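Structure for this input, please:
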Amino acid sequence: MFEIAYLSVAVLAALPLAGSLLRRGAGEAISVHRLYRHAAYIAVAILAVICLDAALRMPPILAVD
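Sure, this is the predicted structure:
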């Protein structure tokens, strides 16, 4: 339904990871904690999109016939 919006949310969540990868120098390591934090941002954004999509697809509770 909102595929482009969902994709843009995932891309926005991945921007901190891309910034960390581009900012590091050659041969410089990135902290594992930072990588896990960035991965958690992406996972939370994707989970929020899935929950929002599921909530929008639910039938109304108080349907009046």
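
List the buried residues in the helix or strand hosting residue 52.
Using DSSP states H and E, residue 52 sits in helix 32-57. Using 16 or more other CB atoms under 10 Å as the test for burial, helix 32-57 gives 38, 41, 42, 45, 49. Yep, even glycine has a C-beta here, placed from its N, CA and C like the rest.

helices and strands around that helix, which ones?
helix 3-23 (3 or more CB pairs under 8 Å, 6 or more residues apart in numbering; DSSP states H and E).

from the chain's centre, how far out does the helix it packs on sit?
8 Å (CA atoms, centre = their mean, to the nearest Å).

Restricting to C-alpha, output that helix in PDB.
Taking Å, rounded to 0.1, in the frame of the first residue of the first chain, the C-alpha atoms of helix 3-23 are listed here in PDB:
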ATOM      1  CA  GLU A   3       5.700   0.700  -0.300                       C
ATOM      2  CA  ILE A   4       7.700   3.800  -1.200                       C
ATOM      3  CA  ALA A   5       7.000   5.400   2.200                       C
ATOM      4  CA  TYR A   6       8.000   2.100   4.000                       C
ATOM      5  CA  LEU A   7      11.200   1.900   2.000                       C
ATOM      6  CA  SER A   8      12.000   5.500   2.700                       C
ATOM      7  CA  VAL A   9      11.600   4.900   6.500                       C
ATOM      8  CA  ALA A  10      14.100   2.000   6.200                       C
ATOM      9  CA  VAL A  11      16.500   4.100   4.300                       C
ATOM     10  CA  LEU A  12      16.300   6.900   6.800                       C
ATOM     11  CA  ALA A  13      16.900   4.400   9.600                       C
ATOM     12  CA  ALA A  14      20.000   3.200   7.800                       C
ATOM     13  CA  LEU A  15      21.500   6.700   7.400                       C
ATOM     14  CA  PRO A  16      23.400   6.600  10.700                       C
ATOM     15  CA  LEU A  17      25.000   3.300   9.700                       C
ATOM     16  CA  ALA A  18      26.000   4.700   6.300                       C
ATOM     17  CA  GLY A  19      27.500   7.800   8.000                       C
ATOM     18  CA  SER A  20      29.500   5.700  10.400                       C
ATOM     19  CA  LEU A  21      30.900   3.600   7.600                       C
ATOM     20  CA  LEU A  22      31.800   6.600   5.400                       C
ATOM     21  CA  ARG A  23      33.300   8.600   8.300                       C
END
